[in-house]
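I'd like to go over a predicted model; first the sequence, then the structure.
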Amino acid sequence: MDTLQNMRVFTRVIEAGSFTAAAQSMNSTTGAMSRAVSELEAHLRTRLMNRSTRRLALTSAGERYLKRVRQILADIDGAEEEASCAHEHPTGTLRMSSFASVGQHYILPAIARYRALYPDVKVELTLSQRMPDLFEGSSDVAVVSAGALSDSEVISHKLGETFSILCASPEYIRLRGTPDVPADLAQHDCLTLQTPAFPAREWTLDGPEGRETLQISGTVQVNIAESLVVAIREGMGIGMLPLYAAIEGLRNGSLVRVLPHHTLQRTNLYALYASRKFVDAKTRTWVEFLRAHLPDVIARDEALLADVDRTRANVLRAA
């Protein structure tokens, strides 16, 4: 028995005044209307209305039941309308997860701009270094960095591509000198960053001579790029930093780029969500916003790096 449908029939019969009028308004038959109400009464073990050839009259139980049913149906209709509108207008709470460094440098600034466009959306952002399980229900969308994604049931959208560079502090360079080629790194203190995307103690450099992979045996390892920035700035060694984590230090002079003609471990940024069916408006517009916004931000960082490299090259030539 479809209790909800029978509730609708019962309400419509009372409003229309007869089974026949209710059947016409619901594109059904008088017999189907009568059976629906009889099923409802049998289910409740209560007579809801007295029937005669002339009129219908609610019993006292029917009057109480009708009042509650009308409220229930109104709540259901409201919930369905709200859910349906969620596919049209972004509203509610958007639960996001992101790798920590990506979240701090790219996602939080993006959230500010997104909410300027969609102020009815509230945001809960969880920063972590592990790949989220979107099917456990704690996040609507995840933003991760990875060389590539394994086959998965989640839906993925590539947001852009970035890379890492080697950095040291000016004081470290003054004391220990500057490596000229990747092999020189063996004579330096190397700091390592543990991320889900790449092995910490293996650096793959792309440069004028092609690709070269080095095994690194550093004495300090961290798992957050911002912590590595501090270690580098304190003169503890040379470290590999994602461009977005390095650019501010390079611009203010607290970091110096090492082997400036080399980049390391190119990585993709992805937006992930659990299903393509019935994606609500806040999830859909957030992913669309990121796909339009992040490539410009990444391009800005690359342009800033190019400016820093040119300035440093000019200073070295002048010296």
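Ah, there it is.

Going along the chain from the worst-scoring helix or strand of the chain on mean pLDDT, find the next helix or strand for me.
Across the helices and strands of the chain, mean pLDDT, DSSP states H and E gives its lowest value to helix 60-85, namely a mean of 80. Next helix or strand after helix 60-85 toward the C-terminus (DSSP states H and E): strand 92-99.

pLDDT on the longest helix that the chain contains, on average?
The longest helix of the chain (DSSP state H) is helix 281-318. For helix 281-318, mean pLDDT is 89.

what does stretch 233-244 give?
93.

Ok, stretch 38-51 next?
90.

Any idea how many residues pack against Val222?
17 (other CB atoms under 10 Å). Placement of C-beta: from N, CA and C, glycine included.

so what's it up against?
Val222 is in contact with Leu191, Thr192, Leu193, Gln194, Leu228, Ala231, counting by CB atoms under 8 Å, 6 or more residues apart in numbering.

Specify the beta-bridge partners of it.
Leu193 (DSSP bridges).

Quick check: end-to-end length of stretch 217-237?
12 Å (CA to CA, to the nearest Å).

same check, this time on stretch 99-108
The first-to-last residue distance of stretch 99-108 comes to 12 Å (CA to CA).

on that earlier part again, check which helices and strands the longest helix of the chain sits against.
strand 92-99, helix 108-117, strand 141-146, strand 155-168, helix 243-252, strand 256-258, strand 263-273 (3 or more CB pairs under 8 Å, 6 or more residues apart in numbering; DSSP states H and E).

The same query, at a cut-off of 7 Å, please.
Judged by 3 or more CB pairs under 7 Å, 6 or more residues apart in numbering; DSSP states H and E, helix 281-318 is in contact with strand 92-99, helix 108-117, strand 141-146, strand 155-168, helix 243-252, strand 263-273.

Of those, which is nearest Gly237?
strand 155-168 (7.2 Å; CB to CB).

So which residues make contact with the helix or strand following that closest one?
The first helix or strand that comes after strand 155-168 along the chain, using DSSP H and E, is helix 170-176. Applying CB atoms under 7 Å, 6 or more residues apart in numbering, the contact partners of helix 170-176 are His188, Gly235, Gly237, Gly253, Val256.

switch the cut-off to 8 Å
With CB under 8 Å, 6+ apart as the criterion, helix 170-176 contacts His188, Asp189, Ile232, Gly235, Met236, Gly237, Ile238, Gly253, Ser254, Val256, Val258.
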